[in-house]
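S.K.: pasted the sequence and its predicted model underneath.
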There are 2 protein chains.
Amino acid sequence: MRYELYYWPSIQGRGEFVRLALEDAGAEYVDVARRPARARQGVPEVIRLLNGESVACPPFAPPFLRIHGAKDLIAQTANILLFLGPRLGLVPKREASRLWAHQLQLTIADWVDDVHDAHHPIAGALYYEEQKREAKRRAAHFTDQRLPKYLGYFEKIAVRNPGWNGGLVGRATSYVDLSLFQMIAGLRYAFPRAMARLEPKYPRLVALHDKVSVRPRIAAYLSSPRRIAFNRHGVFRHYPELDS
Amino acid sequence: MRYELYYWPSIQGRGEFVRLALEDAGAEYVDVARRPARARQGVPEVIRLLNGESVACPPFAPPFLRIHGAKDLIAQTANILLFLGPRLGLVPKREASRLWAHQLQLTIADWVDDVHDAHHPIAGALYYEEQKREAKRRAAHFTDQRLPKYLGYFEKIAVRNPGWNGGLVGRATSYVDLSLFQMIAGLRYAFPRAMARLEPKYPRLVALHDKVSVRPRIAAYLSSPRRIAFNRHGVFRHYPELDS
């Protein structure tokens, strides 16, 4: 089984949650937009599938996934992980556990939206500099209220997991843990001062981050050129003036 | 099978997408927070399940659902509909079709977030009046760019549905259609001028709205006291100054 991931080639962004699952599972995949723009690869192929008139079920936006040779495209980050989870062995088998993992992933998706809108509160189509004043106001609310609320929620989930072994769902590592790792890593990059202040209150989330970061395939991925560095084009952006 | 829906009692909000599915299917359900606050009903019961220390898998926020007598709570609107869809006969049976319906529902969830943030661009915890200036700026971008983008996307999906019979997924009505109906109804309430200008470009979405509105159980629901009126506390709010 070979997977094709379609996402922007120069950012971690929402595609990173899918990359982490594929990497951790050792899945065979092509990061299509990072290939040269020929033979149905590169960014033009992402655009073609988004806008092409012959695509039966077009996505609204990247990331999206296809099994090599298949027709269907699967979009929406959490939906891609819902599909991949059982296939990559990254979620328990029971329907109730799969729905629970998906529910947590959707809450992470809301959190990602909040992180994004902290630097883009008016419109994604405008530059940060065009909404800097509003961003300062929104980011202050984010670091004061929303960030502790999300961290506190997931710490609570970790504490109440009866199978706590370093992960949020059951005893084994799930795709939700990989995504939570990414949240902590991204937040440390974007809001180092806020995170330094908050982190001591959430020891299980810090332990989860550390445990994921040393999983052999994740550690290999993070030190490889496949891991794009954090930058000021993705979801997690470091603007010192937004980090109260 | 009796369902218990937990959502705020005075708004349509995100809970309405679940109410519409339950109503259309003629499912037996209790809208828990709208019952008197005794015997584990009313708003205190919603709060207890959100904050109670004995809840194994607590939701981050309402809406959430429980099968009467069961232990598990299911939260996140799109996840609830993913669970209910097959049980209520509101989604095709194939896995690919269920993922496709869910993908569309997640795109509707993003659209709902955009609608909400048009009047609350800085923080949900602040009053509208405290972020009115920023809301004017964000709402202008919403009505000019985001709203046509979402409407155009779903019109395209309707046009490309090979089984088009008034719905987005296959030939039969799905929960996605009920949610799309709610979007059109809510947007007409919140942005009557923008919608009057835009609607002629999206004839299939208008036809879908009209078809859903006369489904017998939906029509009965909409004219019943169970349908809460649109108001200035929910997701869809009419502020004339935001409707360019």
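M.R.: The structure has been received and is ready for your questions. Residues are numbered from 1 along each chain as shown, chains lettered A, B, ... in the order given.
S.K.: domain ranges for chain A, per the record?
M.R.: Domain assignment for chain A by automatic domain parsing gives A:2-88, A:95-215.
S.K.: can you list those domains in JSON lines and add mean pLDDT?
M.R.: Below are those laid out as JSON lines (pLDDT from 0 to 100):
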{"stretch": "domain A:2-88", "mean pLDDT": "95"}
{"stretch": "domain A:95-215", "mean pLDDT": "97"}
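S.K.: and those: which comes nearest B:Gly167?
M.R.: domain A:2-88 (14.4 Å; C-beta to C-beta). All C-beta spots, glycine's among them, are computed from the backbone N, C-alpha and C.
S.K.: got the residues of chain A near chain B?
M.R.: A:55-60, A:72, A:74-76, A:78-79, A:82-83, A:96, A:99-100, A:102-103, A:106-107, A:110, A:113, A:117, A:121-123, A:125-126, A:134, A:137-138, A:141, A:145-146, A:153, A:156-157, A:160, A:162 (C-beta under 8 Å from any C-beta of the partner chain).
S.K.: what subset of these is buried?
M.R.: Buried members of these, counted by 16 or more other C-beta atoms under 10 Å in any protein chain shown: A:57-60, A:72, A:74-76, A:78-79, A:82-83, A:99-100, A:102-103, A:106-107, A:110, A:113, A:117, A:121-123, A:134, A:137-138, A:141, A:146, A:153, A:156-157.
S.K.: out of those residues, which are inside strands?
M.R.: Mapping those onto strands (DSSP state E) picks out A:74-75.
S.K.: among the buried ones among the residues of chain A next to chain B, which are in helices?
M.R.: Counting by DSSP state H, the part of those found in helices is A:78-79, A:82-83, A:99-100, A:102-103, A:106-107, A:110, A:113, A:117, A:134, A:137-138, A:141, A:153, A:156-157.
S.K.: and the nearest residue to A:His68 once chain neighbours are set aside, what are its bridge partners?
M.R.: Distances taken as C-beta to C-beta, 6 or more residues apart in numbering or on different chains place A:Arg2 nearest to A:His68, at 4.0 Å, with adjacent residues excluded. In this entry, A:Arg2 is beta-bridged to A:Glu28, by DSSP bridges.
S.K.: A:Arg2 and A:Ala70 touch, don't they?
M.R.: No - shown here, A:Arg2 and A:Ala70 do not form a contact pair, counting by C-beta atoms under 8 Å, at 10.2 Å.
S.K.: need the overlap of contacts for the two.
M.R.: Common neighbours of A:Arg2 and A:Ala70 are not found (criterion: C-beta atoms under 8 Å, 6 or more residues apart in numbering or on different chains).
S.K.: for stretch A:40-48, C-alpha coordinates in PDB please.
M.R.: Taking C-alpha atoms only, stretch A:40-48 is exported to PDB below (Å, rounded to 0.1, in the frame of the first residue of the first chain):
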ATOM      1  CA  ARG A  40       1.700  14.600 -12.000                       C
ATOM      2  CA  GLN A  41       3.800  15.700  -9.100                       C
ATOM      3  CA  GLY A  42       4.700  19.000  -7.500                       C
ATOM      4  CA  VAL A  43       2.400  21.800  -6.500                       C
ATOM      5  CA  PRO A  44       0.700  21.900  -9.900                       C
ATOM      6  CA  GLU A  45      -0.800  18.500  -9.200                       C
ATOM      7  CA  VAL A  46      -2.200  19.700  -5.900                       C
ATOM      8  CA  ILE A  47      -3.800  22.600  -7.700                       C
ATOM      9  CA  ARG A  48      -5.100  20.400 -10.500                       C
END
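S.K.: list the contacts of it.
M.R.: For stretch A:40-48, the surrounding residues in contact (C-beta under 8 Å, 6+ apart) are A:6-9, A:30, A:32-33, A:35-37, A:62.
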